[in-house]
Structure formats: C-alpha cells, structure tokens
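> below is the sequence, then the predicted model.
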Amino acid sequence: MDETYLRAGRVAFGGAPSVARRAAGAKGGSGAARPEDFAARPLRLDDQLCFALYAATNAVVRAYRPMLRELGLTYPQYLVMLALWQDGPSPIGTIADRLSLPQNALSPLLERLSKNGLVRRQRDPADRRVIHISLTEAGAALEPAASRVQQAVECHTGLDPDALAAMRGALRALALRTASAGGPGDDLPDETET
C-alpha cells in the first residue's frame, strides 16, 4: 500500500491506521466498511464525517473568498474557470459533470462570467442544442493571478505539499467510493440547498 495514501487516510480519518487502511482499500480485506465495523453510539455532531467535511470545506472556501474577490470571482465561478483553464473549451454538460453540478446550477455562473467578459458561449454548428464555453482573452489572462491565489490558500493550510496531495487523494477516493456504494436516496436528484 502506498504510504502517502495511508498517511492521507490517517489525516482524513483521525490517525487510526486500521481505519486509514480500510479507507485506502488495503489488501487483505475488501477495503469496504461493513456496518459491524462501527459501534452503535449516540449521535454527536463532532463524530459526523459529513460535518467534518462541511466544516473543512467552509474554512477553505472562506480562505479563498477575499483573494478571489480581488479577481472579480466567486468561489463557484473560480471552479468553472479552473475547469476551462485545464480542459479548454467545453460543452456546458461536460463542465457540469466535471464540477459535479447540475446544469441548471451552472447556467447562472456562466451568465455572470460571460457578462464579466471572462467566457464566451457558442452554439455547436453540428448540434445547435449544445453550447460550448470558452475563455476570452481576459479569462485566459486571469490564470496566473488565480494560480497565486491557490498557492496562498495551500500555504494557509499549514500542510506541506505531500500532505496536501495525500489529502486530495484520500478525498477523491472517499468521493468515488461513496458515489459507487449506492444506497438510499440514489434515485433522488442532486439538491442545491443553502
């Protein structure tokens, strides 16, 4: 097992090597948690994985917010721009899938980015139903400043680059495993609650 991945599991799952190994899918077991692996206990907010992820997400987004504001971006707009900087011109559906957002949640973000002169929309001549999004010159020119924002936030975490990479890997694995595990509510549409 990759030690970096295990270290991420220890960070993400509170330092317990057995839990980290299970979370990372250690050989010698299925890697999948079973209900009997978890003792029944009273519900406590601080014991909830969802709350730990929610609190961490809020803290990271708050760290980004003032620096992105200087660039004229909100955090969700920044994610759209990241996808375009990395992937180049893309259909709206592809961007929505990449960001795990429903297309109707993406539309207002694209509208604002277009209004601010950072992206342009263009219908696909072969299929008029498909709209491609691409960066304008101003949108492309924003990438170096956004890169400095990312570096500042990563520095703000106090984690070294290896620990950050391991954490991202553990979180990606968690997202993939949770999504592929299925369960109650899988047939419900994604919600965009506030």
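Perfect, I can see it now.

> can you give me the buried ones in stretch 137-154?
For stretch 137-154, the neighbour count (16 or more other C-beta atoms under 10 Å) marks 139, 142, 146, 149, 153 as buried. (Glycine included, C-beta is placed from N, CA and C.)

> ugh, wrong one, stretch 99-113
Residues 99, 101, 106, 109, 110, 112, 113 are the ones in stretch 99-113 that count as buried (16+ other C-beta under 10 Å).

> please apply the same query to stretch 37-48.
So, applying 16+ other C-beta under 10 Å, stretch 37-48 has no buried residues.

> same question for stretch 64-83.
Result for stretch 64-83 [16+ other C-beta under 10 Å]: buried residues 64, 67-68, 71, 73-74, 76-81, 83.

> quick one on the thing from earlier: in helices, which of the buried residues of stretch 99-113 fall?
99, 106, 109, 110, 112, 113 (DSSP state H).

> which pair of those spans the longest distance?
Spatial extent of these (C-beta to C-beta) is set by the pair 99 and 112 at 15.0 Å.

> I'd guessed residue 136 sits against residue 117; true?
Yes: here residue 136 lies in contact with residue 117, judged by C-beta atoms under 8 Å, at a distance of 5.8 Å.

> quick one, which of the two is more surrounded?
residue 136 (15 against 12; other C-beta atoms under 10 Å).

> and the helices in this structure, which stretches?
Taking DSSP H as the criterion, the chain contains helices spanning 3-12, 17-24, 49-71, 75-87, 92-99, 103-115, 137-141, 143-156, 161-181.

> show me the contact partners of the fifth one.
Contacts with helix 92-99, where a contact means C-beta atoms under 8 Å, 6 or more residues apart in numbering, come from 79-80, 83-84, 87, 90, 102-103, 105-107, 110, 130-133.

> now that helix: buried residues?
92, 95, 96, 98, 99.

> count of residues packed around residue 133?
22.

> what's opposite it in the beta bridge?
Beta-bridge pairing for residue 133 (DSSP bridges): residue 90, residue 121.

> measure the residue most central in space within the chain to residue 77 for me?
Central residue of the chain (C-alpha atoms, centre = their mean): residue 99, 7.1 Å from the mean position. Using C-beta to C-beta, to the nearest Å, residue 99 is found at 11 Å from residue 77.

> again, but for residue 39
The value you get for residue 39 to residue 77, if C-beta to C-beta is used, is 43 Å.

> what does residue 150 give?
For residue 150 relative to residue 77 (C-beta to C-beta), the value is 14 Å.

> how about residue 163?
From residue 163 to residue 77 the distance is 28 Å (C-beta to C-beta).

> kindly report the same for residue 166.
28 Å.

> now do residue 50
25 Å.
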